[in-house]
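Engineer: Pasting the sequence and the predicted coordinates here, then a few questions.
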Amino acid sequence: MFDRSRHRAPFHPGDIGLPGELDGDAVARALRPEPALAGTYLLALTGYAGEEDQSRARDAGFDRHLTKPVPFDELQRVPAAPPVHS
């Protein structure tokens, strides 16, 4: 079994538009309360760019919302930004 508490990354990207019941927002809501992941930067990568989409991502626990395609230099700056949710 994968133990996510043993695998730390500077940020975790999530696609909001995943098919099925467990979309990116649900993943963020599941990860955010995990004590081992406190302070982890959750990044929403999505094709949904509306204001409502961005608000929903923040409410789900994402720290930042980026609309695809995301320039690589913008992704490189993400770990330097402080997480909104800690």
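Structural biologist: Received the coordinates, thanks.

Engineer: Return the set of buried residues in the lengthiest helix in the chain.
Structural biologist: Across the chain, the longest stretch assigned as helix under DSSP state H is helix 51-60. By 16 or more other C-beta atoms under 10 Å, the buried positions in helix 51-60 come out as 53-54, 56-58, 60. Every C-beta, even on glycine, is put in place using the N, C-alpha and C of the backbone.

Engineer: Show me what the following helix or strand past that helix is packed up against.
Structural biologist: Remark: after helix 51-60, the chain's next helix or strand is strand 64-67, criterion DSSP states H and E. Other elements packing on strand 64-67 under the criterion 3 or more C-beta pairs under 8 Å, 6 or more residues apart in numbering; DSSP states H and E are strand 41-46, helix 51-60.

Engineer: closest to L66 out of the ones you listed?
Structural biologist: strand 41-46 (5.6 Å; C-beta to C-beta).

Engineer: in its sheet, what does that closest one sit against?
Structural biologist: For strand 41-46, the paired strands and their directions (DSSP bridges) are strand 11-15 (parallel), strand 64-67 (parallel).

Engineer: Output those strands as TSV; include the columns mean neighbour count.
Structural biologist: Putting these into TSV (neighbours: other C-beta atoms under 10 Å) gives the following:
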stretch	mean neighbour count
strand 11-15	18
strand 64-67	18
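
Engineer: Of those strands, which is nearest A36?
Structural biologist: Per C-beta to C-beta, nearest to A36 of these: strand 11-15, 12.4 Å.
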